[in-house]
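Chemist: Here is a sequence with its predicted model. Questions after.
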Amino acid sequence: MDLRDRPQDSAFRAEVRQFLEEHLVGEFAELGGRGGSGDETFGFDVRLRWEKVLAAGGWTGLAWPTEYGGRGASMTEQVIFHEEYVRAAAPGRVSVMGEGLLGPTLIHYGTEAQKARFLPPILAGTELWCQGYSEPDAGSDLANVKTRAARDGDEWVITGQKVWTSLAHQSDWCFVVCRTDPESRRHKGLSYLLVPMDQPGVEVRPIMQLTKTSEFNEVFFDGARTHGDNIVGAEGEGWRVALATLAFERGVALLGHQLGFVREFQRIVAVAQANGRSRDPVIRQLLAQAHAELTIMRYNTLRSLSGIDGPVAPPEASIAKLYWGSWHRRLGELAIDVIGPGALVLEGNDPAAYELDEFQRPFLFSRAETIYGGSNQIQRNIIGERVLGLPPEPKGGT
Ligand SMILES: Cc1cc2nc3c(=O)[nH]c(=O)nc-3n(C[C@H](O)[C@H](O)[C@H](O)COP(=O)(O)OP(=O)(O)OC[C@H]3O[C@@H](n4cnc5c(N)ncnc54)[C@H](O)[C@@H]3O)c2cc1C
């Protein structure tokens, strides 16, 4: 694989850079690249305005086909865009669920009417989405979904509870996996519905996280309604659609993630050099190891992205997820070691008003990264069964 830019890549890179130089100014630049996973509450309104600036410049829906308003960018162009985006310290995106998950799902499985209704406001940054999959008894075991939906005339009526729903409190719509055949079990009889959030039958209750912010929520549906046409795929065939969305959760955005890790790692090295901890042989060894692993991660990701056009399928996706989730958690621990005992102390005397610093926040939040998007144990199961050919995990029940 040749990692150097070809002339057309250099031209595209220059175009991205120019856009960012001209538009990433004022309140957008002041965010200093913050926002996004683990930091979602930071500068949300400004980031929402930034989404519209990106949209006006034609930089949303990069990977979407041009016929649906996207840019139809090649994988190389997407990688370049993410590299430049992180390098410029542009703000964390607010429309990840809509642009990265629901949009591609609708493009593949939606009706033309659904595409016409829902894709343009995602691209414009005027409608935000959340993912209604997990429930109290259905996380890793998603097929155990119990939220029900029944037809009432022209509408679906939804009743049940979702949990850990990221950004539900900011979202206009939710894509909900629910059981439309009350007699069905497991992955049969599920459907994939698009449900408006702003209605009396939907209650969103924020969950306080370890980081003291509330990025995710419990969502209660109590007779919530959506139009009968707002079903993606056939009734009872929602499992296939739900899995497709999960596959889109991986992909080129991964690389943007890792470039963010590079900046984080460099800041930790700078702190170690400034406070003298880089002279400690154990710390030096851990920093060198983290650097080597980060480089391996980058090349592995580029390898799994090369030659594909769409979601990254398992097992590559599972290997990548297990690797970056675990690596980032170790980096958080290393940052705390580098700073020393002071890292355990919060700024300020008022426990109700403390702010985590740039190392404490990822140290705490990175714990979540080995859980969401499929926990480490689930990724190991997939690798064990599909790569190593180990005996399948025993399934419960008879
Ligand atoms: C920050 C964050 C954001 C999230 N955002 C969303 C969202 O927007 N929408 C949404 O729907 N969900 C979201 N989730 C939920 C996430 O998808 C689930 O947490 C995840 O699927 C795990 O499910 P669970 O929490 O129910 O844990 P469980 O499935 O109950 O697992 C508990 C433990 O048992 C282990 N385990 C479970 N089954 C097996 C098995 N078969 N073999 C070995 N070990 C096993 C797990 O690895 C884990 O350690 C989010 C989670 C986090 C942390």
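Modeler: Nice, I can see it.
Chemist: What ranges does the chain have for its strands?
Modeler: With DSSP state E, the ranges of strands along the chain come out as 129-132, 148-152, 155-162, 173-179, 190-196, 202-206, 217-227, 231-232.
Chemist: okay if I get those as TSV plus distance to residue 84 and mean pLDDT?
Modeler: For every residue, glycine as well, the C-beta is placed using N, CA and C. TSV is the format used below for those (distance: least, C-beta to C-beta, whole Å; pLDDT from 0 to 100):
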stretch	distance to residue 84	mean pLDDT
strand 129-132	26	98
strand 148-152	42	98
strand 155-162	36	98
strand 173-179	30	98
strand 190-196	33	98
strand 202-206	34	98
strand 217-227	33	98
strand 231-232	33	98
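Chemist: Most tightly packed of those?
Modeler: Compared across the strands of the chain, strand 129-132 shows the largest average neighbour count, a mean of 27 (mean count of other C-beta atoms under 10 Å).
Chemist: in its sheet, what does that one sit against?
Modeler: Sheet pairing of strand 129-132 (DSSP bridges) gives strand 173-179 (parallel).
Chemist: measure the residue lying farthest from the centre of the chain to residue 207 for me?
Modeler: Taking C-alpha atoms, centre = their mean as the measure, the residue most remote from the mean C-alpha position of the chain is residue 279, 36.8 Å away. From residue 279 over to residue 207 the distance is 42 Å, taken as C-beta to C-beta, to the nearest Å.
Chemist: Ok, residue 129 next?
Modeler: When C-beta to C-beta is the yardstick, residue 129 and residue 207 sit 19 Å from each other.
Chemist: Run through the bridge partners of the closest residue to residue 147 other than its chain neighbours.
Modeler: Nearest-residue entry for residue 147: residue 160, 2.7 Å, with adjacent residues in sequence omitted and distances by C-beta to C-beta, 6 or more residues apart in numbering. Here residue 160 shows beta-bridge partners residue 221, assigned using DSSP bridges.
Chemist: Quick one: residues contacting residue 160.
Modeler: Each residue near residue 160 by C-beta atoms under 8 Å, 6 or more residues apart in numbering is listed here: 135, 146, 147, 148, 178, 221.
Chemist: any idea of the pLDDT on residue 303?
Modeler: Confidence at residue 303, expressed as pLDDT, is 81.
Chemist: Against the ligand, how distant is the closest residue to residue 257 other than its chain neighbours?
Modeler: By the measure of C-beta to C-beta, 6+ apart, the closest residue to residue 257 outside its immediate chain neighbours is residue 324, 6.7 Å from it. Distance of residue 324 to the ligand, given as C-beta to the nearest ligand atom, to the nearest Å: 15 Å.
Chemist: Verify the contact between residue 324 and residue 259 for me.
Modeler: No - taking contacts as C-beta atoms under 8 Å, residue 324 lies outside contact range of residue 259: 11.7 Å.
Chemist: neighbour-wise, which of the two wins?
Modeler: residue 324 (21 against 17; other C-beta atoms under 10 Å).
Chemist: The chain against the ligand: which residues are in contact?
Modeler: Residues of the chain found near the ligand (C-beta under 6 Å from any ligand atom) are 130-134, 139-141, 164-166, 216, 368, 371-372, 375, 377-378, 381, 393.
Chemist: so what's residue 43 up against?
Modeler: For residue 43, the residues meeting the contact criterion (C-beta under 8 Å, 6+ apart) are 31, 34, 35, 91.
Chemist: in this structure, what secondary structure element scores lowest on mean pLDDT?
Modeler: helix 253-275 (a mean of 86; mean pLDDT, DSSP states H and E).
Chemist: where's that one relative to the chain centroid, distance-wise?
Modeler: Going by C-alpha atoms, centre = their mean, to the nearest Å, the spacing between the C-alpha centre of helix 253-275 and its chain's C-alpha centre is 19 Å.
Chemist: looking at the strands of the chain, which is closest to residue 271?
Modeler: With C-beta to C-beta as the measure, strand 202-206 is the member of the strands of the chain nearest residue 271 (32.4 Å).
Chemist: Let's have the contacts of residue 43 in a markdown table, adding neighbour count and pLDDT.
Modeler: Shown next, in a markdown table, are the contacts of residue 43 (neighbours: other C-beta atoms under 10 Å; pLDDT from 0 to 100):
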| residue | neighbour count | pLDDT |
| --- | --- | --- |
| 31 | 19 | 95 |
| 34 | 16 | 90 |
| 35 | 21 | 90 |
| 91 | 27 | 95 |
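Chemist: Show me the shaky parts of the stretch 251-398 of the chain.
Modeler: Residues of the stretch 251-398 of the chain meeting the criterion pLDDT under 70: 251-256, 307-314, 349, 351, 396-398.
Chemist: And the helices in it?
Modeler: 253-275, 281-305, 316-339, 360-369, 376-382 (DSSP state H, counting those that start in this stretch).
Chemist: Mind putting these into JSON lines with distance to residue 118?
Modeler: Compiled in JSON lines, those are given as follows (distance: least, C-beta to C-beta, whole Å):
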{"stretch": "helix 253-275", "distance to residue 118": "20"}
{"stretch": "helix 281-305", "distance to residue 118": "27"}
{"stretch": "helix 316-339", "distance to residue 118": "25"}
{"stretch": "helix 360-369", "distance to residue 118": "28"}
{"stretch": "helix 376-382", "distance to residue 118": "30"}
